[in-house]
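1. A structural model of the following input is requested.
(one chain, ligands or ions: 2)
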Amino acid sequence: MPAINDYKCDNCGFCLPSGWGGYMYVIDDDGKRIVCPHPREFATVAEVLGDDAPPELVELRTGFNSYCLCLECLKKVELDLDRDLRECPKCTSNNITSLSELVGHSCPKCKEGTIKEIETGMWT
Ligand SMILES: [Zn+2]
Ligand SMILES: [Zn+2]
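-> Ligands and ions are numbered 1, 2, ... in the order given. Take a look at the predicted model:
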């Protein structure tokens, strides 16, 4: 079970979504990505794809969305880094970084602090 962490700038307090960087999703028949809530991800997958969905179909229709941040306009976006183009839907910048890549780097907002991973002591 992963721990829940907060991501915060140690200077200005700029906050990123807490949790563990993203979530699993399943694509329904309309092409929409449905969030699979933890810890019963596969119950949602079975609901969308059917109980006896073959593994190849599950493989094809599930993925992992990561919380990302546009470094230009600070928009928070959710992207499947294996499938999606790294492009900001707001300003079309390609300067997108995932949350885990931001940890230990300088804060995109104040440019002075560092993004720190803070353990909340909670578990999912
Ligand atoms: Zn900051
Ligand atoms: Zn942007």
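2. For the residue nearest to Val77 when sequence neighbours are not counted, which three-state class applies?
-> In space, and not counting its chain neighbours, Val77 is closest to Cys68: 5.1 Å by CB to CB, 6 or more residues apart in numbering. C-beta here means a position set from N, CA and C on the backbone, and glycine is covered the same way. At Cys68 the chain is in strand, as set by DSSP: H, G, I helix; E, B strand; the rest coil.
3. got it, and Thr44?
-> helix.
4. Secondary structure class of the residue of the chain most remote from its centre, three-state.
-> Distance from the C-alpha centroid of the chain, by CA atoms, centre = their mean, peaks at Asp52 (28.0 Å). The three-state label given to Asp52 by three-state DSSP is coil.
5. So what does it have for phi and psi?
-> Note on Asp52: its backbone torsions stand at phi -110, psi 30 [degrees, to the nearest 10].
6. now Cys110: how far from ligand 2?
-> For Cys110, the distance to ligand 2 (CB to the ion, to the nearest Å) stands at 17 Å.
7. So what's the residue count around that residue?
-> 12 (other CB atoms under 10 Å).
8. try Arg33
-> 17.
9. now do Asp6
-> 15.
10. And for Glu78?
-> 15.
11. Show me which residues of this structure sit near ligand 1.
-> Counting by CB under 5 Å from the ion, the chain comes close to ligand 1 at 9, 11-12, 14, 107, 109-110, 113.
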